[in-house]
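**Q** when you get a sec, could you give me coordinates for this:
(one chain, ligands or ions: 1)
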Amino acid sequence: MFKILVRDNYDEVSKEAFKIMKKVLNTGSPVLGLATGSSPVGLYKEMIRDHQENGTSYQDILTFNLDEYVGLPRDHRESYWTFMHVNLFDHIDIPEENIHVPLGNGDIKKNCKAYEKELKKHTVDIQVLGIGSDGHIAFNEPGCPFDSETHEMELTEQTRTDNARFFDGDINQVPKSAVTMGLASIMRAKKIILIATGENKAQAVKDMIEGPKSVDCPASILQDHPDVTVLLDKPAASKLTLFK
Ligand code: GLP
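**A** Residues are numbered from 1 along each chain as shown. Predicted coordinates for the structure are as follows:
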């Protein structure tokens, strides 16, 4: 079930996302499912501002990130572990041991199993998502089964091209695969907010909301989730029949 909110620009979208996040933060010690990419950065800035201005504490909060590149050292400047520390964790009072980011090194199969096992001990109260221009969520690319749990996924050419901007514009530097929560793992979250801005996301957003439920658009699995808020700017919403 989608609730769709369209706002004028990225800042407004981020503020709207933060309002939803703040309600969940106010419930006590929630478990947060967090995403990387440019889409949630504005939300994370709001969370940092709120922590600094209002003293909102993350001492008792657990976080689980969606995914991590395979083969990058944890401290690589483009690892998702680094991304989360730079964009959020280093600016709030979350204890390091409360942070969970999948491991993209060593025995990958073993890491995936261990991550899913840990995740299953908890219920994610709010899961933040972006969407890839090919309809992926986390790194679950088209064709990924709906019943997938944490696994290694080969990245599509389109995703590697999209993400080359973080690797000096060079697709050859973009890792070929990633460890990612599966679609079934994501669907267990109580509440989901999905942020998408820019025209580049318009087709994926349309396929997710109005297309058939199909592994061709992994995000379309969210049609079956009871509580998904989709936060869009106008260009990202531009292909929705609803807004024509
Ligand atoms: C990345 C991440 C996703 C993210 C998506 C969109 O590859 N693995 O979790 O949602 O692609 O990224 P962005 O928000 O930068 O457009």
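**Q** what is the burial count for Pro226?
**A** Pro226 sits with 9 neighbouring residues when counted by other C-beta atoms under 10 Å. Glycine gets a C-beta too; all of them are placed from N, C-alpha and C.
**Q** list the residues that contact the residue lying closest to it once chain neighbours are set aside.
**A** In space, Pro226 comes closest to Met1 once its chain neighbours are excluded; the distance is 5.5 Å by C-beta to C-beta, 6 or more residues apart in numbering. Residues in contact with Met1 (C-beta atoms under 8 Å, 6 or more residues apart in numbering) are 225-228.
**Q** so what pLDDT did Met1 get?
**A** Per-residue pLDDT puts Met1 at 81.
**Q** by neighbour count, which of the contacts of Met1 wins?
**A** Val228 (23 neighbours).
**Q** how close does Pro145 sit to Val31?
**A** Using C-beta to C-beta, to the nearest Å, Pro145 is found at 25 Å from Val31.
**Q** re earlier: and of the contacts of Met1, the nearest to the ligand?
**A** For the contacts of Met1, the closest approach to the ligand (C-beta to the nearest ligand atom) belongs to Val228, at 14.3 Å.
**Q** not counting sequence-adjacent ones, nearest residue to that closest one?
**A** Closest residue to Val228 apart from its sequence neighbours, by C-beta to C-beta, 6+ apart: Ile192 at 4.5 Å.
**Q** list the contacts for Gln203?
**A** Contacts of Gln203 (C-beta under 8 Å, 6+ apart): 133, 239.
**Q** ok, now Ile126?
**A** Neighbouring residues of Ile126 by C-beta under 8 Å, 6+ apart: 20-21, 24, 30, 32-33, 189-193.
**Q** export the residues you listed to CSV and tack on distance to Asp8 and neighbour count?
**A** Listed next are those as CSV, based on distance: C-beta to C-beta, whole Å; neighbours: other C-beta atoms under 10 Å:
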residue, distance to Asp8, neighbour count
Ile20, 18, 19
Met21, 20, 22
Val24, 24, 17
Pro30, 29, 22
Leu32, 27, 23
Gly33, 27, 29
Ala189, 28, 23
Lys190, 29, 16
Lys191, 24, 19
Ile192, 23, 23
Ile193, 18, 26
